[in-house]
Structure formats: structure tokens, C-alpha cells
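1. coordinates only, no sequence provided:
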């Protein structure tokens, strides 16, 4: 069983990830998981969405370069070593694992240039900030 993934090539500058997510929201496309990898000037935003065809068309219409490819999604055992045990099966067979990310969670990690400022901006917004202790206890 394979899952469709959208990979969006974006400039590494303020507002670009937000622009992509706005376009998808306006097209009623729900993001189920995502990952951003970057270099100094550019990045790749990888997305699993509920309607990949609509998402790809909307992003291309807005001028973004988008590639669709098939990936595998697994439901891991929620225990120490759960991820390692599954990845070992694949890697021991000589299959290269290019990247891994998780989906379908409302917990999202954001790395920003100024964490203190971002926390100040978010503290009175309708978003709940999550502590490391809370993540560890889930």
C-alpha cells in the first residue's frame, strides 16, 4: 500500500511555508503530515494531504514547483525501539531509507529564528504550547 506525497520546492524566506499552507487551506485540502528540509536558500516541503490532486493543481496554479511521488506509511508500535525495529527490517535488506517523518498529529514542531519572540507572539493566540514533559508522557 502506497501513499501519495507532494514535494514543493520553496525559497527559504519568511512566509513561503505559510503561503503554501494558505493555498491548500483555501482549496479545502487538509494537511495530514509534513516535513520541511532546507538549505541556506531553498527548501523542500513534503506533504501528505487528503486530496493530493487538488493540492498539486492549486499549488501549481499559484506558481509553485510540485512533484508527486509514492511513499510508504506505517503505524508504529508505541514503545521504545518501535521505529528502530521497523526501519531495521528495511535497512538490513539493503534498502536505503532517504527520510522519515511522522503524520496525523496536532503536535507540530516549529524551528524559528527567534524562539523567545515567537513564543511571545503565540502565548495569547488560540494555540496550546506543549512542553517537553508533556511530549515525554504521551
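-> Okay, I see it. These figures come from a predicted structure and were not determined experimentally.
2. show me where the chain has helices.
-> Secondary structure of the chain by DSSP state H: the helices cover 16-26, 52-61, 82-92, 115-122, 132-137.
3. ok, the closest residue in space to residue 38 that isn't next to it in sequence to residue 26 distance?
-> Among residues not flanking residue 38 along the chain, residue 12 sits closest, at 5.0 Å (CB to CB, 6 or more residues apart in numbering). For the C-beta atoms, the positions are set from N, CA and C on the backbone; glycine is no exception. Separation of residue 12 from residue 26 (CB to CB, to the nearest Å) stands at 23 Å.
4. for those two, indicate the residue with more neighbours.
-> residue 12 (13 against 10; other CB atoms under 10 Å).
5. how close does the residue nearest the centre of the chain get to residue 45?
-> Geometric centre of the chain, nearest residue: residue 34, 1.3 Å, by CA atoms, centre = their mean. According to CB to CB, residue 34 and residue 45 sit 7 Å apart.
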